[in-house]
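next comes the sequence, and after it the predicted model I'd like to discuss.
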Amino acid sequence: MSTATGAARARARAGDAGEHRVAFRTGWEGYQALARLVDGQPERVRIAFDGEVVELMSPGAPHERDKHRLERIVAVLTEERSVPCQAMASTRWEHPEAARALEADATFYLTRAKILGSRHRSKDIADYPMPDLAIEVDHGASRVDRESIYRALAVPEVWSFDGVELRIEVLDGGFQLPTTRLLNSKPS
């Protein structure tokens, strides 16, 4: 984890070139209608819904560069630590009962059981286990409560990068443990 000055963090949180966000209040049905609209669009639009607010975000080049760097860190750590890893990219994860959903920048399975459970070809995301690790790059201020979404989805670890500081959070009854299971795992 790194530290950053207030000015550097403010510059990073101001957003990056090409990144656009729009957010508004809606219900689960409104989220689902928007999700159907953005599916298959040539422009990559990521969607998140925290139960009250839906956010659409189009990532810019600096955002995608930082995402790729974090994906590479995960690849190196899992290889060096002999941790099984299956990248699930920016899959849309949904929990209809909790009215929560999002597309993280990158997600990963880090257990053999979940990797084996993801080998089928179902088009229904409900047939897949939730990821073990999610990566979020937020150069601009998100307008949805991502922490509540991850808690509802039961994603055990989230790496958040704001362009300056990497925050690692492990779900242990809440988001408070600044560590990572990848660094603490023993090679097999």
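Yep, that arrived.

just confirm Val38 contacts Leu56, I think it does.
Yes: between Val38 and Leu56 there is a contact under CB atoms under 8 Å: 6.9 Å. C-beta coordinates here come from the backbone N, C-alpha and C atoms, glycine included.

quick check: neighbours shared by these two?
Counting by CB atoms under 8 Å, 6 or more residues apart in numbering, the common neighbours of Val38 and Leu56 are 45, 47.

who does the residue lying closest to Met88 once chain neighbours are set aside bridge with?
In this structure, Met88 finds its nearest non-sequential neighbour in Thr107, 4.4 Å apart by CB to CB, 6 or more residues apart in numbering. When bridges are called by DSSP bridges, Thr107 pairs up with Ala89, Ala134.

so which helix or strand takes in Thr78?
For Thr78, the element it lies in under DSSP states H and E is helix 61-80.

next one: that helix to chain centre, how far?
13 Å (CA atoms, centre = their mean, to the nearest Å).

other SSEs contacting that helix?
If contacts are counted by 3 or more CB pairs under 8 Å, 6 or more residues apart in numbering; DSSP states H and E, helix 61-80 sits against strand 106-109, strand 133-137, strand 157-161, helix 181-184.

pLDDT score for the nearest residue to Glu19 once chain neighbours are set aside?
Ranked by CB to CB, 6+ apart and with sequence neighbours excluded, the top spatial neighbour of Glu19 is Gly60, at 3.7 Å. Here, the pLDDT recorded for Gly60 equals 87.

cool, and Ile149?
So Ile149 comes in at 95 (pLDDT).

so where does it fall, helix or strand?
helix 146-153.

in this structure, what helix or strand scores lowest on average pLDDT?
Within the chain, no helix or strand scores below strand 175-177, which has a mean of 44 by mean pLDDT, DSSP states H and E.

leaving out sequence neighbours, find the closest residue to Gly51.
Nearest residue to Gly51, sequence neighbours excluded (CB to CB, 6+ apart): Ala99, at 4.5 Å.

wait, the one you found sits on Gln32?
No: contact between Ala99 and Gln32 fails when scored by CB under 8 Å: they sit 10.1 Å apart.

still on that earlier bit, what count of nearby residues applies to the residue nearest to Met88?
23 (other CB atoms under 10 Å).

show me the contacts for the residue nearest the centre of the chain.
Centroid check for the chain by CA atoms, centre = their mean gives Ala104 as the closest residue, at 2.6 Å. Contacts were defined as CB under 8 Å, 6+ apart; by that measure Ala104 touches 90-91, 93, 131, 134-136, 158.

quick one: low-confidence ranges for the chain?
The model of the chain has pLDDT under 70 over residues 1-18, 42, 172-188.
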